[in-house]
Structure formats: C-alpha cells, structure tokens
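In: give me the fold of what follows.
(2 chains)
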Amino acid sequence: MIGYRPGHSLLHRAHPYTPLAVAAALLCLVFAARAPGPVFVLAGAAIMLALAGGSLGYVVRPALTLALPTWVLLLVLHGLLGPDPHHMVGPFSVSAPGLTRALVLGGRITAILFAFLGVLAAVSPARLVEAMTEREVPFGAMYLLVSTLTLVPRLRARAAQILEAQQCRGLKLGGSPVARVRALGPLVLPLVLGALMEVDEQVLALDTRGASSAAARTALEPPGDTTAEWVLRMLCVVWVLAAWSARLLQLLEPLRARLLTLL
Amino acid sequence: MSAVLRFADASFRYAGEQTPALAALDFEVAAGEIVALTGAPGSGTSTLLLVAGGYAPRLVGGTLSGLVELAARAPAIVFATPWTQLTGLCHTVFAEVAFGPCSHGLPAGRIREIVTRQLERLDAGHLAERDPATLSGGELQRVIVASALALEPDLLLLDDPAAELDPAAADALYDLLKEVAREGAAILVATPDIDRAARSATRGIRLDAGRVIADGPASEVLA
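Out: Here you go, the predicted model:
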C-alpha cells in the first residue's frame, strides 16, 4: 500500500522534517555511492527506516512490486548484454562490469523505494502541514508538497468509487486480457476528468477559506521538535555534503591529473 | 442598514459564451438581510453568488461589466457540493473548520473558540475528531457551513445549502441563518427550497436567464 497509515512508531512521533531529511539524505547518498557494497548498506538503512516507521509489512509489497521487475530488467540489460569481459556462469555469459552496474542501479532503486514509501507511511500529512505552517513555508509550496504526498491514496479512493459506480451500470471487470483492457476506459476517463474538475473546484474552495491571504498562517498544533532531532537533520546535511564532495573530487581527478601533466 | 453588496447595471459572461449568464443586475443587499435567490435551473443564481463574492471573474474567468461593489470585509461562500470544498490538507473536521481562521492568522486560542462554537451551532461538535473524508453528505454539508461561519463573514453566500440535509437538519440550518443575520451578516441564499426560504428570508429575488424578474419581500416573491 502507498500512503500514510496512522501509528505510534518512532517515525510517527518524530518531527515530520526528521524522517523526510533522513529519506532525502539516503536518496542523495545512494547516488553518490558507486560500488554495490555501499549501495546495499544504504538500501539496508532504507529498510531499517521503514522498519522504524512500523510500516515494513505495509510497504514491502508495493516496494517489491516496483523493484523486482526493475531488477530483472537491469540484470538482463547490464548483466547479460553489458560490456566485456564476459564470464560463463552456468549457461549464461555474464558481463562482470555490467553486473556491477546492475547491482548498483538496482540497489539504488530499492533504497529509494523503501525509504520514501516507509516515510510516506509514517509522516502524517496533517502534521507536516502544521510543521511547515510553523516554519512559515509559503502556502503554495506547502500545498504542492502535501497534495503530491496524498495523491495516490486520494486517486485510489476515487478509482474505487468510480469502479463501484460503473459496476452498478453493468461494467464487467473479469474475463480475457482484452476485456480487462477495455474495462480501463470507463475507469480512467472519469478518473482523469474528475481530478481535473476537482482542481478547479478546490482552487475556489481554498480561496474562499483564505488560502491566498497575505497574513501569516497560524499553526494550531505544531509538532514538537527536539535538539537531538535537529542535530540528526544537520548530520544528514553534513554527511550528504561530505559524500558528494568526495564524489566530485573523484570525478575531477582525471581533469586534475591532466592539468598537472600540462603544467 | 448599510449596503454590503451593490450591483449597478452589472452583467457577467463566461469565457467563450455569447449569452451573458447575468444581465443588467441592479440591486443592493444590506447587513442583516436574508435574500433568497430563486429561479429555474440555469437562471444564474449560482453565478450570481460567484460574482457577489468576488470569485468570478477573478478565479473562474469570464467578463464582468457594470459595477459590483463589495463592501464586505469577509465574504464566505458555500457551494452545493460539499465534497469538493474540502481543503484536502486536513485530517480532522476540527482542522478543516479551523483552516479559514488559520489562514487569516488569528491566535490559536481564538481559533479553537470559534471552531468549537461553529461546530456546536451546526450540531457537529461530535464530529470534531473525524476524518472529513469519512463523513456522510449531510454531515459534510454541516461541516462546510461551519467552515464558512468560522470565517465570521459579514456576507454569507450559500448555494443550495440544504441539498444534502435531512428535513430536520435543513430546518435547523435555516433557523441558524436567521441567527447569523441577527448578528449582522448579510446572507444571499440560492435555493430551490422555496418553503424553507420563505420562512427565513426577509427578501426574495427571482432570476430568469440571468435577469432579475422580481425583487421584493420574500412572502411575495417566493409565494
């Protein structure tokens, strides 16, 4: 499942910025890492993050549903069809550098999926709104972020309603693959059109409730923050900066060597 | 009583339409009045509310000519479909009703007082901790009206506000409108519910094809 699930885990109790900062740091770090080892460590950390949110069981299915086909594709594309040198593993001719690349890419995707689905399940959008209101984040930015985070559950609920309504009018969902594809039309069209119409009406609804007011919004119940959490968030920033600085130095190394040769 | 809203030869046309949705409107609404707007479907009552609140053409597009003078400090509007009026940002009814006052930066303590009072007035106090997405149509309608009242409006615009309500709740809502008007707000209510409107409204306006064809005491216009 994708979306927020109420609970009392460590991540549920934390200031909403903290799990988001950790997930964002994992995302940055996993792209700075180039070898399978560090990438797998970070993927493990992402799984631990989902575990800390009490949502591992909840996110494992969507995470694997998205990750497994990607893994298969990466292993075939890079592992079997990748560059030389190739080694025979059973009946397969496996590319060693391609396999490494597939492991890195697959590990990155797994880490990102577990980190963000885990955090999405544990960070209450309502608490996030309060936290952002307290820090005087502009309403437009806040709305954009929170409506994106809640998009999947809202669309799923709407799709279920449309599906029920269409089934009442005789829509058959089962049968051959062709019939199933045909059944998508009466679902997708109202879903998309309804979402577009809802945007218009929601603009009106938000405006009538003062969303465009110039006054600083009041945070009714801002979530508590602690020094430890602030330090953790800062550590995430420092860690990301350090990792990317090292990565940039690595990338610039050939250029530096060339410059030294020229001089 | 001073005019909260004044139309002077005002016309409104939606973008791409040849025929005006509203034409040659010429009337005033004073503080404390309850004006019932009636007319056949498509006569322009909902559009009139949008123009009166300053939402058309600002948000919905179109062209406005003539004069619409909105002296109201805080207009609020309730549309006929409550489920499209949720902010989508609040996970409790209390937060949903508090959204408006929070937007205007009122102190938290004052907001809590306002929200509690308005929910009680709409007999929705027991819903405070519920997720708005799980409410029935009638419950949601009451919550949306409470959200509008939480803005402490001096001009309240309502589009068929009892559409989702059972008869008892609809009666209670129209009684509440009289109370809100006594507190000084001007109220424009577009409704096909002539009987209830006639009991509460002080004045009636009947529209036909966007034009006012009758304007006078509710007992006469809505009879």
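
In: what residues of the biggest helix by length in chain B count as buried?
Out: When chain B is parsed with DSSP state H, its longest helix is helix B:167-182. Buried residues in helix B:167-182, defined by neighbour count with 16 or more other CB atoms under 10 Å in any protein chain shown: B:A169, B:A170, B:A172, B:L173, B:Y174, B:L176, B:L177, B:V180, B:A181. (Glycine included, C-beta is placed from N, CA and C.)

In: next one, pLDDT for the closest residue to B:L5 other than its chain neighbours please.
Out: Computed as CB to CB, 6 or more residues apart in numbering or on different chains, the closest residue to B:L5 that is not its neighbour in sequence is B:V29, at 4.4 Å. B:V29 is assigned 95 on the pLDDT scale.

In: same check, this time on the one 10 residues further on
Out: With respect to pLDDT, B:G39 scores 93.

In: state the distance from it to chain A.
Out: 21 Å (CB to the nearest CB, to the nearest Å).

In: neighbours around that residue, how many?
Out: 22 (other CB atoms under 10 Å in any protein chain shown).

In: is the spatially closest residue to it that is not a sequence neighbour in a helix, a strand, or coil?
Out: Closest residue to B:G39 apart from its sequence neighbours, by CB to CB, 6+ apart: B:L207 at 3.7 Å. Secondary structure for B:L207, judged by DSSP: H, G, I helix; E, B strand; the rest coil, is strand.

In: flag every residue of chain B that's near chain A.
Out: B:53, B:55, B:59-60, B:76-77, B:79, B:81, B:84-92, B:95, B:98-108, B:111-112, B:133, B:147-148, B:151 (CB under 8 Å from any CB of the partner chain).

In: and those residues, which are buried?
Out: Buried among the residues of chain B next to chain A by 16+ other CB under 10 Å: B:53, B:55, B:59-60, B:76-77, B:79, B:81, B:85-92, B:95, B:98-104, B:106, B:111-112, B:147-148, B:151.

In: what about the helices in the stretch 51-200 of chain A?
Out: Counting by DSSP state H, counting those that start in this stretch, the stretch 51-200 of chain A has helices at residues A:56-74, A:96-122, A:125-134, A:139-149, A:151-168, A:177-208.

In: as CSV, the ones you listed with mean pLDDT and distance to A:A246 would be great.
Out: Shown next, in CSV, are those (pLDDT from 0 to 100; distance: least, CB to CB, whole Å):
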stretch, mean pLDDT, distance to A:A246
helix A:56-74, 92, 25
helix A:96-122, 94, 16
helix A:125-134, 92, 32
helix A:139-149, 87, 30
helix A:151-168, 82, 35
helix A:177-208, 81, 43
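
In: those into a markdown table, with extra columns for mean neighbour count and distance to B:V35?
Out: Shown next, in a markdown table, are the helices of the stretch 51-200 of chain A (neighbours: other CB atoms under 10 Å in any protein chain shown; distance: least, CB to CB, whole Å):
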| stretch | mean neighbour count | distance to B:V35 |
| --- | --- | --- |
| helix A:56-74 | 16 | 52 |
| helix A:96-122 | 23 | 47 |
| helix A:125-134 | 22 | 36 |
| helix A:139-149 | 15 | 33 |
| helix A:151-168 | 14 | 36 |
| helix A:177-208 | 14 | 19 |
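
In: A:P222: which of the ones you listed is closest?
Out: Nearest to A:P222, of all the helices of the stretch 51-200 of chain A, is helix A:125-134, at 3.9 Å by CB to CB.

In: list the contacts of that closest one.
Out: Contacts of helix A:125-134 with the rest of the structure, by CB atoms under 8 Å, 6 or more residues apart in numbering or on different chains, involve A:4, A:15-17, A:20, A:141-142, A:145-146, A:149-150, A:217-223, B:89-92, B:95, B:102.

In: A:V30 and chain B: what is the separation?
Out: Relative to chain B, and taking CB to the nearest CB, A:V30 is found at 30 Å.

In: so that residue touches A:G44, yeah?
Out: No. Here A:V30 does not reach A:G44: they are 11.2 Å apart, not a contact under CB atoms under 8 Å.

In: between the two, which has more neighbouring residues?
Out: Shown here are A:V30 and A:G44; by other CB under 10 Å, A:V30 has more neighbours (24 against 14).

In: angle of the helix or strand encompassing the more buried one against helix A:139-149?
Out: Using DSSP states H and E, A:V30 sits in helix A:17-32. Orientation check (axes from the mean of the first three to the mean of the last three CA atoms, to 10 degrees): helix A:17-32 against helix A:139-149 gives 70 degrees.

In: packing partners for helix A:17-32?
Out: helix A:36-52, helix A:96-122, helix A:227-262 (3 or more CB pairs under 8 Å, 6 or more residues apart in numbering or on different chains; DSSP states H and E).

In: what would the ones you listed look like in CSV with distance to chain B?
Out: Shown next, in CSV, are the helices and strands packed on helix A:17-32 (distance: least, CB to the nearest CB, whole Å):
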stretch, distance to chain B
helix A:36-52, 22
helix A:96-122, 14
helix A:227-262, 22
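
In: of all the ones you listed, which one is nearest B:E33?
Out: Of all those, helix A:96-122 comes closest under CB to CB, at 49.3 Å.

In: distance from that closest one to the middle of the chain?
Out: Centroid separation for helix A:96-122 versus its chain: 11 Å, with CA atoms, centre = their mean, to the nearest Å.

In: so of the buried ones among the residues of chain B next to chain A, which ones are in strands?
Out: Among those, DSSP state E puts B:A76, B:I77 in strands.
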